[in-house]
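Novice: what would the 3D arrangement of this be:
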Amino acid sequence: MKGIYGLMAEFHDAEEIVEAAHRVRLAGYEKVDAFSPYPMEELSEALAIPQSPLPKLVLGGGIIGLLTGWGLQYWSSVIEYPLNIGGRPFNSWPAFIIPAFEMTLLFAAGTAVLGMLALNGLPEPYHPVFNVPGFALASRDKYFLCIESRDARFDRVGTRQWLEELPGVDAVSDVDY
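Specialist: Residues are numbered from 1 along each chain as shown. The predicted structure is shown next:
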């Protein structure tokens, strides 16, 4: 693919990027991403990033695991291999608790890992922002705000001028594919 992915503004201070993120949202931009050396909750709130559906997926995976573990125990003890040991009933639920609990953990953990990979779009060995000079500093001491070209309000010249007028902007760069 050829063309522009978006425009990226570089900031030196955490407070400046949070303020810029608020202004970007107020200006109506929706396809925006931010990069910082450490997680910043206030930056996520400023960009109005929605909550992840991962907790609900993990809960669903855990419930499916519980039902699978319980069903497996029920099938093997009551239907397929019913053995009367010590006069206990075939459906002896106290014996089913540990395997059902372990299956709950197994399915929930598996759902968490696979759901995280799927929702993050991983593995992603390449992203267009890697082409921006100085972007490697996002892992050390710089903060970056990227407005993507697929945003409805994106205009290459107008958005560049608007970004350059934000307080605290060190540089604005094109992000090419």
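
Novice: lowest average confidence, helix or strand, in this structure?
Specialist: Taking mean pLDDT, DSSP states H and E as the measure, the helix or strand of the chain with the lowest value is strand 169-176, at a mean of 90.

Novice: quick one: buried residues of that strand?
Specialist: 169, 172-173, 175 (16 or more other CB atoms under 10 Å). For glycine as for every other residue, the C-beta is placed from the backbone atoms N, C-alpha and C.

Novice: tell me the mean pLDDT for the strand or helix carrying residue 67?
Specialist: For residue 67, the host element (DSSP states H and E) is helix 54-74. Helix 54-74 carries an average pLDDT of 97.

Novice: what is the subsequent helix or strand relative to that helix?
Specialist: Using DSSP H and E, the helix or strand that follows helix 54-74 in sequence is helix 93-120.

Novice: what's downstream of that next one, the next helix or strand?
Specialist: Helix 93-120 is succeeded, C-terminally, by strand 143-148 (DSSP H and E).

Novice: ok, residue 13 touching residue 169?
Specialist: No - counting by CB atoms under 8 Å, residue 13 stays clear of residue 169, with 10.8 Å between them.

Novice: contacts for stretch 155-169, please.
Specialist: Applying CB atoms under 8 Å, 6 or more residues apart in numbering, the external contacts of stretch 155-169 come out as 4, 7, 9-13, 16-17, 19-20, 23, 27, 145, 147, 149, 153, 172.

Novice: can you tell me which residue is spatially central in this protein?
Specialist: When CA atoms, centre = their mean is applied to the chain, the residue found nearest the centroid is residue 120 (4.8 Å).

Novice: what about it, distance to residue 54?
Specialist: Applying CB to CB, to the nearest Å, the value for residue 120 to residue 54 is 9 Å.

Novice: do the same with residue 32
Specialist: Residue 32 sits 21 Å away from residue 54, going by CB to CB.

Novice: more neighbours: which of those two?
Specialist: residue 32 (20 against 15; other CB atoms under 10 Å).

Novice: was I right to think the more buried one contacts residue 149?
Specialist: No - counting by CB under 8 Å, residue 149 is not a contact partner of residue 32; they are 11.7 Å apart.

Novice: which secondary structure state is assigned to the residue nearest to residue 128 when sequence neighbours are not counted?
Specialist: Sequence neighbours aside, residue 5 is the residue nearest to residue 128 in space, at 3.9 Å (criterion: CB to CB, 6 or more residues apart in numbering). Assigned by DSSP: H, G, I helix; E, B strand; the rest coil, the conformation of residue 5 is strand.
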